[in-house]
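1. Just to be clear, the model below is a prediction. Sequence and coordinates:
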Amino acid sequence: MTVAQPDVTVVIGAYEAMPYLVECLASVEAQTLDPARIEVIAVDDGSRDGTGEYLEEFAARAPMPVTVIRQENSGGPSGPRNVGLGKATGRYVFFLDADDRLGAEALERMVAMADANGTDVVLGKIQGVNRNAAKSMFGKNVGRTDVFSSNIKFTLSAQKLFRRELLTRHDMRFDESLWTGEDALFTMEAYLRADGISVVADYTCYYLVGRTDGKQVTKTGSYTLRFDSARALMGLLERLVPPGAKRDVLMVRPFLVTVLPQFGPIFLRNDEEIRRTKLELAKPLMDAYWNEGVAQRLNVHERLRLELVARQRSDLLVDVLEFIQAKTEPTPVLKKRNTQLYLAYPHYGSAEAGLPDRVYLAEPREAKAYPGWRKDPTEAFLRGFTRKVRRRLSRLRRRTVRPGGTAAV
């Protein structure tokens, strides 16, 4: 008898996951998708708290086929995920962390969304439990989008539905050399290579659980690991996206999420040696990838801090951070008939500091919050015209792609 291919393989990497694993597996068992259309590959990564034994108990009673693999501890989530991915047979793969849980209709809704739209990746709405979760990309259901024209670049965790054929075709695996940010690298590559991405926003598909026992699988690690993560993600973007506006849009993510926090309030608490090391680690990244196209997509205080990092000006950066920490509001300076607004953070207009005024220039999305600023009609026209041209070119490209084909990245 021929066994039908399952719709989705749920890959669970588990390390010291009790008692959270109980609810995690209960959420898999409660799925409204037919159990015959689900397979589970669970990898116990050297646990000693009963995790492996509980997985085997679940496998013996679960309504869907469950494979349990027990191995020596690998040191991170990448190894177990790669093992599970190598054993997967489903049309789609979903990576479920052992301390999180699924909404009952999650797999059914995500598989249906992918099938209806022919997309390769599906994001399901996430809700944090005792921790924060991404929200900006879950405003409404989206049948088909891409990483350039949406906010999905700000959710790069692995908890997505991936078409397995996409992962197989590109031999995609989690980078086991990274101790943090390995999921961001994997998910961004999938976004870039995908023939369309969907968003399920009207139903909570995933509950991201914050553990209270200090055993969260996600590694905080030292600050050096954060720079490793940023370097890997920026390198991926350099390899897969040509220079220009599209690359700049995506580069915002590692600069804003990974690099900039190292030069926030924590920098004031760092000793001089750590400050110096952070600037040294940041320098090659700033030299290679920091440019005006990235800078103009940030708010002034973000741009200013990163510009000072690029210039290796720790002394000026400390002034700015102390200003921000004191919750001082920068004085708005209006110029060019009130169509340009500068925010006078420390060292604005200082010849000694040598920072160009453009670093302090607020983009319209930020400037509109200040009374007196008005949009430059010429600039507004040019921006609108550019958007129209881009939309028309995008439609034209879609029409020229052959059915079933994928656009080059």
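-> Cool, got the structure.
2. which residues in the stretch 51-200 of the chain form helices?
-> Remark: helices assigned in the stretch 51-200 of the chain by DSSP state H, counting those that start in this stretch are 51-61, 78-87, 106-117, 164-169, 182-193.
3. Run through the neighbouring helices and strands of the fourth one.
-> The one in question is helix 164-169. Counting by 3 or more C-beta pairs under 8 Å, 6 or more residues apart in numbering; DSSP states H and E, the packing neighbours recorded for helix 164-169 are strand 92-97, helix 182-193. From N, CA and C alone the C-beta is placed, and that goes for glycine too.
4. right, so these: which one is the most enclosed?
-> A comparison of the helices and strands packed on helix 164-169 by mean neighbour count, using mean count of other C-beta atoms under 10 Å, puts strand 92-97 on top with a mean of 25.
5. In TSV, list the helices and strands packed on helix 164-169 along with distance to G103.
-> Putting the helices and strands packed on helix 164-169 into TSV (distance: least, C-beta to C-beta, whole Å) gives the following:
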stretch	distance to G103
strand 92-97	12
helix 182-193	20
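6. could those go into JSON lines alongside distance to T339 and mean pLDDT?
-> Formatted as JSON lines, the helices and strands packed on helix 164-169 follow (distance: least, C-beta to C-beta, whole Å; pLDDT from 0 to 100):
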{"stretch": "strand 92-97", "distance to T339": "48", "mean pLDDT": "98"}
{"stretch": "helix 182-193", "distance to T339": "36", "mean pLDDT": "97"}
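7. Quick one: closest of these to M234.
-> Among these, helix 182-193 comes nearest to M234, with 10.3 Å by C-beta to C-beta.
8. sorry, back to before: between the helices and strands packed on helix 164-169, which gets nearest to K125?
-> Closest among those, using C-beta to C-beta: strand 92-97, at 14.1 Å.
9. Can you check what angle separates that closest one from helix 78-87?
-> Interaxial angle, strand 92-97 versus helix 78-87 (axes from the mean of the first three to the mean of the last three C-alpha atoms, to 10 degrees): 150 degrees.
10. Pull the residues that contact strand 92-97.
-> 7-13, 24, 28, 77, 81, 84-85, 102, 107, 110-111, 114, 158-164, 167, 217 (C-beta atoms under 8 Å, 6 or more residues apart in numbering).
11. Partner strands of it and their direction?
-> strand 8-14 (parallel), strand 161-163 (antiparallel) (DSSP bridges).
12. most tightly surrounded among those?
-> That would be strand 8-14, which, of the strands paired with strand 92-97, has the most neighbours on average (mean count of other C-beta under 10 Å), namely a mean of 27.
13. pLDDT averaged over it - what is it?
-> Average pLDDT, strand 8-14: 97.
14. Skip ahead from it and say which helix or strand is next.
-> helix 20-29 (DSSP states H and E).
15. Which of the helices and strands packed on helix 164-169 sits closest to R173?
-> It's helix 182-193; of the helices and strands packed on helix 164-169, that one is closest to R173 (C-beta to C-beta) at 7.7 Å.
16. How about D376: what's its closest non-neighbour residue?
-> Of all residues beyond its chain neighbours, the one nearest D376 is T339 (4.0 Å), with distances taken as C-beta to C-beta, 6 or more residues apart in numbering.
17. Let me see the contact set for the one you found.
-> Contacts of T339 by C-beta under 8 Å, 6+ apart are 373-376, 379.
18. Which one (most neighbours) among these?
-> Counting neighbours by other C-beta atoms under 10 Å, the top entry in these is W373, with 18 neighbours.
19. and the residue nearest the centre of the chain, what does it touch?
-> By C-alpha atoms, centre = their mean, the mean C-alpha position of the chain lies nearest to L156, the distance being 2.5 Å. Counting by C-beta under 8 Å, 6+ apart, L156 touches 183-184, 187-188, 253.
20. can you list those residues in a markdown table and add distance to R305?
-> Listed next are the contacts of L156 as a markdown table, based on distance: C-beta to C-beta, whole Å:
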| residue | distance to R305 |
| --- | --- |
| D183 | 26 |
| A184 | 21 |
| T187 | 26 |
| M188 | 24 |
| R253 | 16 |
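21. for those residues, which one is nearest V241?
-> Using C-beta to C-beta, these come closest to V241 at M188, 10.0 Å.
22. Who is V93 paired with across the strands?
-> T9, F162.
23. For V318, see how far away it is.
-> Using C-beta to C-beta, to the nearest Å, V93 is found at 46 Å from V318.
24. How about A134?
-> For A134 relative to V318 (C-beta to C-beta), the value is 31 Å.
25. distance between the ends of stretch 86-99?
-> Its first and final residues considered, stretch 86-99 spans 22 Å by C-alpha to C-alpha, to the nearest Å.
26. next SSE after the biggest strand by length in the chain?
-> Using DSSP state E, we find that the single longest strand of the chain is strand 197-209. Downstream of strand 197-209, the next assigned helix or strand under DSSP H and E is helix 223-240.
27. mind saving the C-alpha coords of that following helix as PDB?
-> Only the C-alpha atoms of helix 223-240 are listed here, as PDB (Å, rounded to 0.1, in the frame of the first residue of the first chain):
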ATOM      1  CA  TYR A 223      28.200  40.800  22.500                       C
ATOM      2  CA  THR A 224      30.800  39.300  20.100                       C
ATOM      3  CA  LEU A 225      28.200  36.700  19.000                       C
ATOM      4  CA  ARG A 226      25.800  39.500  18.000                       C
ATOM      5  CA  PHE A 227      28.400  40.900  15.600                       C
ATOM      6  CA  ASP A 228      29.000  37.400  14.200                       C
ATOM      7  CA  SER A 229      25.200  37.200  13.500                       C
ATOM      8  CA  ALA A 230      25.200  40.700  11.900                       C
ATOM      9  CA  ARG A 231      28.200  39.800   9.700                       C
ATOM     10  CA  ALA A 232      26.600  36.600   8.500                       C
ATOM     11  CA  LEU A 233      23.300  38.200   7.600                       C
ATOM     12  CA  MET A 234      24.900  41.200   5.900                       C
ATOM     13  CA  GLY A 235      27.100  38.800   3.900                       C
ATOM     14  CA  LEU A 236      24.000  36.900   2.800                       C
ATOM     15  CA  LEU A 237      22.400  40.000   1.600                       C
ATOM     16  CA  GLU A 238      25.500  41.000  -0.300                       C
ATOM     17  CA  ARG A 239      25.600  37.700  -2.000                       C
ATOM     18  CA  LEU A 240      21.900  37.500  -3.000                       C
END
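28. pull the CA atoms of whichever helix or strand comes after that helix into PDB?
-> With elements assigned by DSSP H and E, the helix or strand that comes after helix 223-240 is helix 245-253. Taking Å, rounded to 0.1, in the frame of the first residue of the first chain, the C-alpha atoms of helix 245-253 are listed here in PDB:
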ATOM      1  CA  ALA A 245      17.600  50.300  -3.000                       C
ATOM      2  CA  LYS A 246      16.400  46.800  -2.400                       C
ATOM      3  CA  ARG A 247      19.600  45.800  -0.600                       C
ATOM      4  CA  ASP A 248      19.500  49.000   1.400                       C
ATOM      5  CA  VAL A 249      15.900  48.200   2.500                       C
ATOM      6  CA  LEU A 250      17.000  44.800   3.900                       C
ATOM      7  CA  MET A 251      20.300  46.100   5.400                       C
ATOM      8  CA  VAL A 252      18.100  48.200   7.700                       C
ATOM      9  CA  ARG A 253      17.200  45.000   9.600                       C
END
